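Asks: got a structure for you, letters missing:
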């Protein structure tokens with residue numbers, strides 16, 4: 001739940017709050033970029049990178065629930081953009097994939113919160129911001145792997161689409177991870 005904006009990459013290890021913390025993702029951004037944070041409640045919070053103070057590796061970072069004024073929700077994915085090109089890919093536990101055009105998240109005014117930014121009917125296993133189609137591998141709870149190409153998933157213009165079924169799941173076999 002912490003975010004760090006760092007000027008330059010350093011070989012110093014990042015300071016984390018405690019041993020249970022981990023780095024969710026890292027991305028390179030410019031001050032003109034919008035930072036997008038998706039939550040488990042289906043909301044999207046947007047802030048300008050220029051509005052976030054710079055940290056060092058030794059600092060814990062900025063506590064996102066305070067910065068974004070979260071309402072009993074957790075960040076599940078963060079990314080940046082300044083052109084809103086490409087698409088968001090949401091991989092759900094129920095085997096569905098939602099591919100949403102990034103332009104659907106663009107707003108003319110600097111709205112800080114967009115409701116219904118993603119489907120909440122199934123747990124999001126992983127999210128990706130992609131500029132082009134790529135191969136995606138699913139890891140199932142029975143340890144099997146299945147691969148698809150994202151070009152086989154149709155892009156949607158509804159932000160909270162439940163997606164399309166690409167991997168068959170059952171009550172006993174669920175999606176536990178994805179990789180690109």
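Replies: Thanks, I have the structure now. Because the structure is a prediction, the values reported are computed rather than measured.
Asks: Name the SS class of the residue nearest the centre of the chain, please.
Replies: Geometric centre of the chain, nearest residue: residue 77, 2.7 Å, by C-alpha atoms, centre = their mean. Classification of residue 77 using DSSP: H, G, I helix; E, B strand; the rest coil returns strand.
Asks: Against residue 1, how distant is it?
Replies: Residue 77 is 13 Å from residue 1, where distance means C-beta to C-beta, to the nearest Å. Where you see a C-beta, it was placed from the backbone N, CA and C, and this is true even at glycine.
Asks: where do the helices sit along the protein?
Replies: For the chain, applying DSSP state H gives helices covering 64-68.
Asks: how about the strands in it?
Replies: Here the chain has its strands, by DSSP state E, at 2-3, 34-39, 44-48, 62-63, 75-81, 87-92, 96-101, 113-114, 124-130, 135-140, 145-149, 164-165, 175-179.
Asks: Now the last one: buried residues?
Replies: Buried residues in strand 175-179, defined by neighbour count with 16 or more other C-beta atoms under 10 Å: 175, 178.
Asks: rewinding a little: looking at the strands of the chain, which is buried most?
Replies: Highest mean neighbour count of the strands of the chain: strand 87-92, a mean of 24 (counted as mean count of other C-beta atoms under 10 Å).
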